[in-house]
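Engineer: Sequence plus predicted model, see below.
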Amino acid sequence: MEKEIRFNGDEFRGYLKELVDNANFVDSKEKGIAKLVIDKGYSALSEKQRYVFDNSMISNYNDDCKRCGLEIPWSEMSGADINGGYCGWCWKVAFDNKV
C-alpha cells in the first residue's frame, strides 16, 4: 500500500512524464506501463505490471535524502538523481558550505 500512496498524485505523474519524455526506461514494456500509470494511476496496474514498474523505478528515484533522511518530493527528484541523492535544501547547504 505504501507504493500506492507514494506513486500517486500530480507531482508523481509529472515526474513520470519527465522520465518517459527523457527516455529513462530501458524497454518499451517499461515505457508502456509508465504511460499507463500516468493515464490511469498506479492502482490500475496488475500484479505483474506493478512488478515491472517497481523494478524499473528503482534506478529512477531516491526515497529519502542522504543527509537529512526526509522523503524527497517528486518536484525535486530529477535534481536528487543528478546530485547523488540529496533533497534541494541539503544540496544547497552542502554546496554553499562545501561539505
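Structural biologist: Here it is on my side, so go on. No experiment lies behind these values; they were computed from the predicted model shown.

Engineer: Measure how buried Ala34 is and give me the count.
Structural biologist: Residue crowding around Ala34 was assessed by other Cβ atoms under 10 Å; the count is 22. Where C-beta positions appear, they are placed from N, C-alpha and C, glycine not excepted.

Engineer: Check which helix or strand it maps to.
Structural biologist: For Ala34, the enclosing helix or strand under DSSP states H and E is helix 28-40.

Engineer: elements contacting that helix?
Structural biologist: helix 10-21, helix 47-57 (3 or more Cβ pairs under 8 Å, 6 or more residues apart in numbering; DSSP states H and E).

Engineer: For it, buried residues please.
Structural biologist: Residues of helix 28-40 classed as buried: 30-31, 33-34, 36-38 (neighbour count, 16 or more other Cβ atoms under 10 Å).

Engineer: again with stretch 72-79
Structural biologist: Within stretch 72-79, the residues scored as buried using 16+ other Cβ under 10 Å are 72, 74, 76-78.

Engineer: for stretch 2-17, same thing?
Structural biologist: Neighbour-count burial for stretch 2-17, with 16+ other Cβ under 10 Å as criterion, is recorded at 7, 12-13, 15-16.

Engineer: ok, those vs Trp91, which is closest?
Structural biologist: When the buried residues of stretch 2-17 are compared for distance to Trp91, the smallest value, 17.1 Å, is given by Tyr15; criterion: Cβ to Cβ.

Engineer: Could you measure from the residue nearest to that closest one when sequence neighbours are not counted over to Asp96?
Structural biologist: The shortest distance from Tyr15 to any residue other than its chain neighbours is 4.3 Å, reached at Trp74 (Cβ to Cβ, 6 or more residues apart in numbering). Using Cβ to Cβ, to the nearest Å, one obtains 24 Å as the distance from Trp74 to Asp96.
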